[in-house]
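Asker: Pasting the sequence and the predicted model now:
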Amino acid sequence: MINKILTPSIDWAVQPPYLHPPYKSTAKRSPQQSLIPLAHTISELTGPVYGHESVKEGDSDLTTNTTVNGEAIGERIIVTGRVLDAHGKPVRNSLLEIWQANACGRYIHKVDQHDAPLDPNFTGAGRCMTDENGEYRFVTIKPGAYPWGNHENAWRPAHIHFSVFGTDFLSRLVTQMYFPGDPLLALDPIFNCIPDNKGADRLISSYAHDVTEEAWALGYRFDIVLAGSKQTPFE
Amino acid sequence: MYPQTPSQTVGPFFSYGLFFGGENILVKDQTQGPRIILTGQLFDGDGVPVKDGMIEIWQPDVNGYFNHPTDPNQAKADPNFAGFGRSETTDAGTYRFDTVKPGAIPSNDGTAPYINVRVFARGMLIDAVTRIYFADEAATATDPVLAAIDPARRDTLIAQREGSKILTIYRLDIRLQGTNETIFFDA
């Protein structure tokens, strides 16, 4: 029997609000009524289960997973980290999906009309599963910054979109990973939507020299902590 | 508790990273239970269709069981039904799933059949959690979660049945804001 509890899984001191006026698209897409507290039942404490068959070998290397006639262009990087649950335990066999702009700041999406070249050898999408320690690893190209229409001379800082599944419905997360030292972070209304500065800092990867591979690629570490039931899990 | 990683918007360009074909089809030939089409439109606060949104659903099988180790009934769950799907909205803001009507989760409190839903879109820094219930289920009138909601807003969670004898369609629009704003939960 699972106890019904009314403690929300989301920590609203850390998570962004729906309405954040500096990010103009939130104005008409933000719910305005109060959220209704929801007791966690079996439908919240279960979630999609992925097996290793969900991901093909090579899906995690974005520099090679869609090459056509040459190598992907740009600065090769390794992005790795751990996925942890709300209690700090590694999340095993968790599916991560990422997507990003290419080195020039251009997405291979029909809506993106930024005047920057596409790279025929780089799609910018990848998938992988976490291992027994909750660790994941992608090889990709460092994405470029790109302009957007939110305000005058608006540029998104370089980022990689992450979609992550944990062990249940409550632990679903879609987020963006940024790069350390990027001067555009201070100017970006999406990055600056987090009420708690320390929360925002957790969206910035750290340069990891131990991940960097000699004469090949720079390494970055980005750990992810998922929300979840505050109930202590049964052992 | 460990400090959570904050959410960020899915943005406008997620399609090629999250959709490769068939993500909105939950049924296989062997899946148990009558098929339904679950559809509706996603609207913003001006009633304009959200054409770059994404809806994810999580539901039990036709008998109310989840294929997940936390469900005490997992052994009885349909092995040919994973229970998860995602749909990107069209230019009309329309989402669509081919699935089975879920059974009610076993309970002693009158819980009605429902589907868990997450709504993602450009302009949403964090997704919104809602549910879809079914107008033609008797238990929808007694469900304890619905009963605790303002009756004037309850219908925002209840899909209406449409369609012919050969195709069962349930329709529910999702309104992010404004008149008839959908009920969203703090899960």
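Answerer: Arrived safely.
Asker: what separates the lowest-mean-pLDDT helix or strand in chain A from the chain centre, distance-wise?
Answerer: The weakest-scoring helix or strand in chain A, judged by mean pLDDT, DSSP states H and E, is helix A:197-201 (a mean of 88). Its chain's C-alpha centre and that of helix A:197-201 lie 15 Å apart, by C-alpha atoms, centre = their mean, to the nearest Å.
Asker: buried ones in that helix?
Answerer: Using 16 or more other C-beta atoms under 10 Å in any protein chain shown as the test for burial, helix A:197-201 gives A:199, A:200. To be clear about C-beta, it is placed using only N, CA and C from the backbone, and glycine gets the same treatment.
Asker: what's next to it, contact-wise?
Answerer: The contact list for helix A:197-201 (C-beta atoms under 8 Å, 6 or more residues apart in numbering or on different chains) reads A:13, A:14, A:15, A:191, A:192, A:194, B:3, B:4, B:6.
Asker: which one among those gets closest to residue B:175?
Answerer: Residue B:175 has its nearest neighbour among those in residue A:15, at 22.1 Å by C-beta to C-beta.
Asker: what's the burial count for the closest one?
Answerer: For residue A:15, the count of nearby residues is 20 (other C-beta atoms under 10 Å in any protein chain shown).
Asker: Please enumerate the helices of chain B.
Answerer: B:15-18, B:144-147, B:151-154 (DSSP state H).
Asker: Dump the second one to CSV, restricted to CA.
Answerer: This points to helix B:144-147. In CSV, the C-alpha atoms belonging to helix B:144-147 read as follows (Å, rounded to 0.1, in the frame of the first residue of the first chain):
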residue,chain,number,x,y,z
PRO,B,144,-11.9,11.7,-5.1
VAL,B,145,-9.5,13.9,-7.0
LEU,B,146,-12.3,15.3,-9.2
ALA,B,147,-14.6,15.7,-6.3
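Asker: re earlier: residue B:113: which of the helices of chain B is closest?
Answerer: Evaluated over the helices of chain B, closeness to residue B:113 peaks at helix B:144-147, with 11.6 Å, by C-beta to C-beta.
Asker: Rounded mean pLDDT for the closest one, please.
Answerer: If you average the pLDDT over helix B:144-147, you get 97.
Asker: Can you name the next helix or strand after the lengthiest strand in chain A?
Answerer: Of all segments of type strand in chain A, defined using DSSP state E, the longest is strand A:76-84. Scanning forward in sequence from strand A:76-84 by DSSP states H and E, the next helix or strand is strand A:95-100.
Asker: quick one: that following strand to strand A:76-84, angle?
Answerer: Angle of strand A:95-100 versus strand A:76-84, following axes from the mean of the first three to the mean of the last three C-alpha atoms, to 10 degrees, is 140 degrees.
Asker: sorry, back to before: of the contacts of helix A:197-201, buried ones?
Answerer: Neighbour counting by 16+ other C-beta under 10 Å classes A:14, A:15, A:191, A:194, B:3, B:4, B:6 among those as buried.
Asker: which ones are touching the fourth one?
Answerer: Same thing as residue A:194. Residue A:194 sits next to A:14, A:15, A:16, A:200, A:203, B:6 when contact means C-beta under 8 Å, 6+ apart.
Asker: any chance of those in JSON lines, plus distance to residue B:73?
Answerer: Below are the contacts of residue A:194 laid out as JSON lines (distance: C-beta to C-beta, whole Å):
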{"residue": "A:14", "distance to residue B:73": "34"}
{"residue": "A:15", "distance to residue B:73": "32"}
{"residue": "A:16", "distance to residue B:73": "36"}
{"residue": "A:200", "distance to residue B:73": "41"}
{"residue": "A:203", "distance to residue B:73": "38"}
{"residue": "B:6", "distance to residue B:73": "35"}
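Asker: out of those residues, which one sits closest to residue B:134?
Answerer: Among those, residue A:15 lies closest to residue B:134 (C-beta to C-beta), at 30.7 Å.
Asker: what bits of chain A have low per-residue confidence?
Answerer: Scanning chain A for pLDDT under 70 picks out the ranges A:1-5, A:231-235.
Asker: And the residue of it that's closest to chain B?
Answerer: For chain A and chain B, the shortest gap (C-beta to the nearest C-beta) falls at residue A:99, measuring 2.6 Å.
Asker: Please name the nearest non-neighbouring residue to residue B:116.
Answerer: residue B:58 (4.4 Å; C-beta to C-beta, 6 or more residues apart in numbering or on different chains).
Asker: ditto for residue A:120
Answerer: Nearest to residue A:120 is residue A:68, by C-beta to C-beta, 6+ apart, at 5.0 Å.
Asker: ok, how many other residues are close to that neighbour?
Answerer: By the criterion of other C-beta under 10 Å, residue A:68 has 9 neighbours.
Asker: got a markdown table for the helices of chain B, with mean neighbour count and distance to residue A:183 too?
Answerer: A markdown table is the format used below for these (neighbours: other C-beta atoms under 10 Å in any protein chain shown; distance: least, C-beta to C-beta, whole Å):
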| stretch | mean neighbour count | distance to residue A:183 |
| --- | --- | --- |
| helix B:15-18 | 20 | 26 |
| helix B:144-147 | 17 | 47 |
| helix B:151-154 | 12 | 45 |
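Asker: Taking the centroid of the chain, which residue is nearest it?
Answerer: Just going to use chain A. residue A:162 (2.4 Å; C-alpha atoms, centre = their mean).
Asker: should've been chain B
Answerer: Short answer for chain B (C-alpha atoms, centre = their mean): residue B:117, at 3.7 Å.
Asker: I'd guessed it sits against residue B:127; true?
Answerer: No: using C-beta atoms under 8 Å, residue B:117 is not in contact with residue B:127, being 9.6 Å away.
Asker: Common neighbours of these two, please.
Answerer: By C-beta under 8 Å, 6+ apart, no residue touches both residue B:117 and residue B:127.
Asker: which residue does chain B bring closest to chain A?
Answerer: Residue nearest to chain A within chain B: residue B:17 (2.6 Å; C-beta to the nearest C-beta).
Asker: what's the neighbour count on residue 180?
Answerer: Chain wasn't specified; assuming chain A. 11.
Asker: wrong one, I was asking about chain B
Answerer: Using other C-beta under 10 Å, residue B:180 is surrounded by 13 other residues.
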